[in-house]
Every structure is written in structure tokens, then in C-alpha cells.
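Asker: model this:
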Amino acid sequence: MGFPGIWMTESERLVYRVVPKCACSTIGQILYHADHGRWFDGDIHDAREGLHKWGLDHSRAPIEAAVAAGRGLAFTCVRNPYDRILSAFFDKICGIQRNGRRYRGNLVPKIMRDYGVEPGDPETGFDFDQIASFRRFLLFARDTIRFRQPMEPDIHWSSISGHVSTFIRGGGRYDRILRTEDLATGLRGVLRDAEVAHPVDPDDMPRFNESAGHGPERAHPVAAYFDDLATHLVHEIYGRDFALFGYGPDPADRAAKREIDLEAVHVELGR
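Answerer: Take a look at the predicted model:
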């Protein structure tokens, strides 16, 4: 199985399991800066040197060796499922990607046709009914995750626990699981304990939101997008994420309700 989704500093001080839509651009830049004392010029997802990634052939042996030997501080980052699925909708379904096109070619036209999703149009200032369109997208996301129809679930809306589990099942063990909602505090602790060469204050760094400015702004509070049916669907899809990572059921109160139990996460996701 290996370690899909793992990024590691060349110094092997930090081992990070990427979870899409959970601050991965910011965290990737932190990893790069930790070794080199500068930010990667561009989207960190495009970096092919200066940072080990499981998807790069030359990085696999160093990652496997470091994990087997327990080198480096291993961590990941999670997010409230309500915020994450809403972020995936605005970025991947409504947003224009950095190549100037819609995400995944015919995906958006297909869900427009089959589910009535309206992604908005940059030519008209993305003027559309965001709430109705998101709720239709949520039905599509549920179908991909629960029924693998009309396609396999995309990494941007497949479950957080599914991403986090691959590192555990490959033989790794997390030292920390951070929360996007309190990212700066979590990153400060990680950088301190890993004793990186070039620490940085997460509160005093550029913003690396690669999807910003390429799609519509969210027009309503998060809770407005989730009526009773949408709330039920989110819990149907992401029930394990809510339970494992301590998030509550109310979309209007999305703060974590308890600390993450690392041991329980390893037991549950290692099965």
C-alpha cells in the first residue's frame, strides 16, 4: 500500500499526511520553509523538488525508510466536515482552476445535467442560487461516497478519516493531529517540537489559499447552506469524521467539542 498522500521535509524532521481542503497549501509551504528558509514560488502542489512527496518516484524510498525508523514528527490536519464540503463545492465545482478550466473536464457539466447543480459563471459575476446549488451537489457527493455512482468519490470530498487512515494502515503513527480551526497554535507546537532549521510564526506569514479569487465568494453564513436534509446527508456521509475528530452535530456551532484521542484514532483507523 505504501504511504499515499505523504509529504516529508528533506531533513526528515516533518512527515505530513495531506488531507485535501484542510489547509494543505499552507502546511505544504510551512514544510518547504522549514528546510529552506523561503517559500516555494508557486503552488506547493506543483513542487517536484525541495520536498519529498509519495507521488514522486525518488521520494518513496526516503519516506518509507523514515516512517519505518520513526524519524520525524508525523502529523496531519482535520477540519469540521460542514466547512470542508462547502469549501470543496466553492473551489472545485464553482471555481475556475489555475489552468483556466473547470475542475476535471466534464465533471461540472455532468452534475449540472444530472443533478441540477448551477456553478455560476465568471462572466456574470457568479450570480446564482448558492444554497440550492450546494444542496444538489451534496446529493451528488453522497452518491459518489455511499454508492460509488456516478463516479468514485473525489479526494476533495471523500472522508477525512479515509485519508488519515492510509498512513496508519501502512505502519505509520501520528504524533499530532491538528485542526484547521486552530491551525496557528497547532503548527507552532509542531515546528517547536520538530526543531526545524527555519521556524516561522504561522500568524506572520503569507496566505496560501490557492483557490482564492478563482470563484464566487460565499454569500451566506455556513449554517444557511444546511437545512435538515443537508445536515442529515452530511452526517450520513461523514459520521465517522464527526465521531473520531470531536465535532458536534450543529452546523451553526462548528467548534470542536473535545480533544482528539490519538490512541482511539489509531485503533479505529488501523482495523
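Asker: Every contact and neighbour count from this point should use C-alpha atoms.
Answerer: OK.
Asker: so His163 touches Val19, yeah?
Answerer: Yes - at 6.1 Å, His163 counts as touching Val19 under the criterion of Cα atoms under 8 Å.
Asker: what about the protein, any weak spots by pLDDT?
Answerer: Low-confidence segments of the chain, defined by pLDDT under 70, are located at 209-213.
Asker: residue boundaries of the strands in it?
Answerer: Ranges of strands within the chain are 6-8, 14-17, 52-53, 73-78, 176-179, based on DSSP state E.
Asker: Can you tell me which of the ones you listed is most buried?
Answerer: Most buried of the strands of the chain, by mean neighbour count (mean count of other Cα atoms under 10 Å): strand 52-53, with a mean of 27.
Asker: which other residues reach that strand?
Answerer: 5-10, 59-60, 62-63 (Cα atoms under 8 Å, 6 or more residues apart in numbering).
Asker: From those residues, which land in helices?
Answerer: 59-60, 62-63 (DSSP state H).
Asker: for those, which one is nearest Leu244?
Answerer: Checking the ones in helices among the contacts of strand 52-53 against Leu244 with Cα to Cα, the nearest one is Ile63 at 26.3 Å.
Asker: Tell me the most packed of the contacts of strand 52-53, by neighbour count.
Answerer: Among those, the one with the most neighbours (other Cα atoms under 10 Å) is Met8, at 27 neighbours.
Asker: Pull stretch 73-80 out as CSV, backbone CA atoms only.
Answerer: Output in CSV follows, covering the C-alpha atoms of stretch 73-80 (Å, rounded to 0.1, in the frame of the first residue of the first chain):
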residue,chain,number,x,y,z
LEU,A,73,7.3,14.3,13.7
ALA,A,74,4.3,12.8,11.9
PHE,A,75,1.1,14.8,11.8
THR,A,76,-2.0,15.6,9.8
CYS,A,77,-4.7,18.2,9.9
VAL,A,78,-8.5,17.8,10.0
ARG,A,79,-11.5,20.1,9.6
ASN,A,80,-15.1,20.4,10.5
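Asker: So what's the gap between it and the chain middle?
Answerer: 9 Å (Cα atoms, centre = their mean, to the nearest Å).
Asker: and what of stretch 197-215?
Answerer: Put simply, stretch 197-215 sits 15 Å off its chain's centre (Cα atoms, centre = their mean).
Asker: Other residues contacting it?
Answerer: With contacts defined as Cα under 8 Å, 6+ apart, stretch 197-215 is touched by 25-26, 29-30, 33-37, 43, 90-91, 94-98, 122, 126, 184, 187-188, 191-192.
Asker: of all the contacts of strand 52-53, which two lie farthest apart?
Answerer: Farthest pair in these, by Cα to Cα: Gly5 and Glu10, 15.8 Å.
Asker: Show me where this structure has its helices.
Answerer: Using DSSP H, the helices found in the chain span residues 24-36, 57-69, 81-88, 107-115, 130-147, 160-169, 183-194, 228-245, 262-269.
Asker: Would you mind writing the CA trace of the first one as CSV?
Answerer: Extracted C-alpha coordinates of helix 24-36, given in CSV (Å, rounded to 0.1, in the frame of the first residue of the first chain):
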residue,chain,number,x,y,z
CYS,A,24,-2.8,21.6,2.8
SER,A,25,-1.4,24.6,0.8
THR,A,26,-0.4,26.4,3.9
ILE,A,27,1.1,23.3,5.6
GLY,A,28,3.0,22.3,2.5
GLN,A,29,4.6,25.8,2.3
ILE,A,30,5.5,25.5,6.0
LEU,A,31,7.3,22.2,5.3
TYR,A,32,9.2,23.8,2.4
HIS,A,33,10.1,26.8,4.5
ALA,A,34,11.2,24.6,7.5
ASP,A,35,14.1,23.3,5.4
HIS,A,36,14.9,26.1,3.0
